[in-house]
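Peer 1: Any chance you could fold what I've pasted below:
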Amino acid sequence: MEQISSGRRDLLADRLLGVAEFSHAHWFFGNLYEALVKIPHRVAASEASRELPRSPFGAGSPGRYYAAIAPINAPAAIAALVAGCPHASSRVWLIVAAASSTTGAAATAYLLRSINPDLFFSPQPLSEMRREPLLKRWYRVHALRLTASAVPRRHPPGTDNPAQKPRIRLP
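Peer 2: Below is the predicted model:
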């Protein structure tokens, strides 16, 4: 009975970690794209118009491509940690996955509450003097998010991962 329960728990942990990996990859490449093409500079400097409102989900806003997937990242990683925690061999990797997801979520929450409203969603673009310090701070926090989203989700090859199927070795 314990074998079945353990097997189901391993499968659950593996599936949850798969969801976290997918959402993490989405998050990483979205963060990388934002940094490379300087989306914050573009959005912060744009004038509000009927076609391009200055709102969290208006045209051109990164919120549109994050809203569907981002909220599941940290909860999936934490749930995988809880489900896979009995295995000492996977505990460290699951803790790292959950910690990086939680760190990134906290950094995102900080940006959404403290910087984004003034920088991106004020009725008019800010003056250059007010915008530049906010953009600097945004990119510093974004570097933390990008680093957190770059943390690997799986065991490195050759390590003992109870969620993986056992390999058959031929003599």
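Peer 1: Point out where the protein drops to low pLDDT.
Peer 2: Low-confidence segments of the chain (pLDDT under 70): 1-6, 48-54, 57-62, 65, 85-90, 152-171.
Peer 1: mind listing the strands for the protein?
Peer 2: In the chain, no strands are defined using DSSP state E.
Peer 1: which one's the longest helix in it?
Peer 2: Using DSSP state H to define each element, the chain has its longest helix at helix 2-36.
Peer 1: Which elements pack onto that one?
Peer 2: Here helix 2-36 touches helix 63-66, helix 73-84, helix 88-110, helix 128-149, going by 3 or more C-beta pairs under 8 Å, 6 or more residues apart in numbering; DSSP states H and E. Heads up, the C-betas are built off the backbone N, CA and C, glycines and all.
Peer 1: Apply 6 Å and report the result again.
Peer 2: helix 73-84, helix 128-149 (3 or more C-beta pairs under 6 Å, 6 or more residues apart in numbering; DSSP states H and E).
Peer 1: Can you check which of those helices gets nearest to residue 16?
Peer 2: helix 73-84 (3.8 Å; C-beta to C-beta).
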